[in-house]
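[1] attaching a predicted model along with its sequence, questions to come.
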Amino acid sequence: MHRYLSVFIVAAITAYSSTVAAKTHELTDFGQNPGELSASYIPGAKTNKNLVVLLHGCVQQGEALAEQSGLIALARKKQFSLLIPQQSQANNIKGCFNWFSTQDIDKDSGESLSIKNMINQVNSQQRFNHIYIVGLSAGGAMASSMLVNYPELFTAGAIIAGIPYPCADNLITAIACMRSRPSQDADQLTKLVKKINTTATHWPSLSIWTGESDAVVNPINSKHLALHWAELTQSQQQVKISQHEGYKISQWLDQNKKLKVELIEIENMGHGIAIAPKLGDESTEAPFVINSAISTSLHLAKAWNL
């Protein structure tokens, strides 16, 4: 009887600890905040040294996207930490991160510095072994700039329906890039990034996602980004392609046969992040959160060993 009671008590404590670890709270006192952003934070278990940073798209609330995409459910299940920066309409009328504004995307300025300081604050508390960044649409474009300006911070990133950095430096070039493609080819983007960051010794791995029917951000942007990042990470030119029902994955490996870049192209999908409730990602369909044959959150959780 005592043995069964002990097992019950241990299980109850474990369940309680998981609930406490997954509680969302506002992140405050993270230092300079020139971008005037806010953030919510879900601390994971002390034994899980992974942090995922999620950057939302336009007209979105970060916490809602985290819930709808299944990321919060995954954070609770696997007990990794989740940081969710939030844009305000005071900064952008549609609530977009200002990925086309040099005062917000240049290193150590504006919104990019605010996000960096948020990451450094939570990292000082938990000392993460791995930090990942995921961005959707405008958040994906902002994630591009974060990976270029602060590559030492991140193990890997995921850019979903996003745009290469630096594709635009004002609203006019931003619209042109979204509707067509970057004005630079992959080689030019690589040279430009190396010129922007001359001290980088490590470039994070990158997972790139696009819907083949995306009418908001031309899918060509994702293809250019994949070729550019493969070149930047000195990956092998030969690409490994696997065709699945409803989507295709192209992968580039580095000289040590490690995956550095992948491009996931989803058939008949528009602008948004891919979810798959039938695969058990505990997601909910919503605007820009699209039911698909593959789950972005599940795929990344497996790839990153969260």
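    That came in fine, so what should we check first?

[2] by contact count, what packs against the one helix or strand Ala226 maps to?
    Element membership for Ala226 (DSSP states H and E) is helix 220-232. Taking 3 or more Cβ pairs under 8 Å, 6 or more residues apart in numbering; DSSP states H and E as contact, the helices and strands that helix 220-232 lies on are helix 186-196, strand 205-211, strand 247-253, strand 259-266. For the C-beta atoms, the positions are set from N, CA and C on the backbone; glycine is no exception.

[3] chain center to the longest one: distance?
    Read it as helix 186-196. Relative to its chain's centre, helix 186-196 lies at 21 Å (Cα atoms, centre = their mean, to the nearest Å).

[4] what helices or strands is that helix leaning on?
    Going by 3+ Cβ pairs under 8 Å, 6+ apart, helix 186-196 lies up against helix 138-149, helix 220-232.

[5] quick one: closest of those to Lys107.
    helix 138-149 (4.1 Å; Cβ to Cβ).

[6] average pLDDT across the closest one?
    Taken as a whole, helix 138-149 carries a mean pLDDT of 97.

[7] what packs against that helix?
    strand 50-55, helix 102-105, helix 110-126, strand 130-136, strand 156-160, helix 186-196.

[8] can you list the low-confidence ranges for this protein?
    Across the chain, the ranges flagged by pLDDT under 70 are 1-22.

[9] so what's the residue count around the closest residue to Ala293 other than its chain neighbours?
    Ranked by Cβ to Cβ, 6 or more residues apart in numbering and with sequence neighbours excluded, the top spatial neighbour of Ala293 is Gly246, at 3.0 Å. Neighbourhood size, Gly246 [other Cβ atoms under 10 Å]: 14.

[10] I figured Gly246 hits Ile290, correct?
    No: using Cβ atoms under 8 Å, Gly246 is not in contact with Ile290, being 11.7 Å away.

[11] what sits in contact with each of the two?
    Both Gly246 and Ile290 lack any common contact, where contact means Cβ atoms under 8 Å, 6 or more residues apart in numbering.

[12] centre-most residue in the chain?
    A centroid search over the chain (Cα atoms, centre = their mean) returns Val134, at 0.6 Å, as the residue closest to the centre.

[13] quick one: contacts for Pro164?
    By Cβ under 8 Å, 6+ apart, the neighbours of Pro164 are 144, 182, 189, 221, 224-225, 228.

[14] may I see the ChimeraX selection of the buried members of these?
    Buried residues among those (16 or more other Cβ atoms under 10 Å), as a ChimeraX selection:
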select :144,182,189,221,224,225,228
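
[15] that older thread, so can I have JSON lines of the helices and strands packed on helix 138-149 showing distance to Gln251?
    Shown next, in JSON lines, are the helices and strands packed on helix 138-149 (distance: least, Cβ to Cβ, whole Å):
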{"stretch": "strand 50-55", "distance to Gln251": "21"}
{"stretch": "helix 102-105", "distance to Gln251": "28"}
{"stretch": "helix 110-126", "distance to Gln251": "27"}
{"stretch": "strand 130-136", "distance to Gln251": "18"}
{"stretch": "strand 156-160", "distance to Gln251": "13"}
{"stretch": "helix 186-196", "distance to Gln251": "16"}
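
[16] out of the ones you listed, nearest to Leu83?
    Nearest of these (Cβ to Cβ): strand 50-55, 4.7 Å.

[17] what packs against the following helix or strand past that closest one?
    Once strand 50-55 ends, the next helix or strand along the chain (criterion: DSSP H and E) is helix 62-68. The contact analysis (3+ Cβ pairs under 8 Å, 6+ apart) places helix 62-68 against strand 38-42, strand 50-55, helix 71-78, strand 81-86.

[18] may I see the buried residues of helix 62-68?
    In helix 62-68, counting by 16+ other Cβ under 10 Å, buried: 62-63, 65-68.
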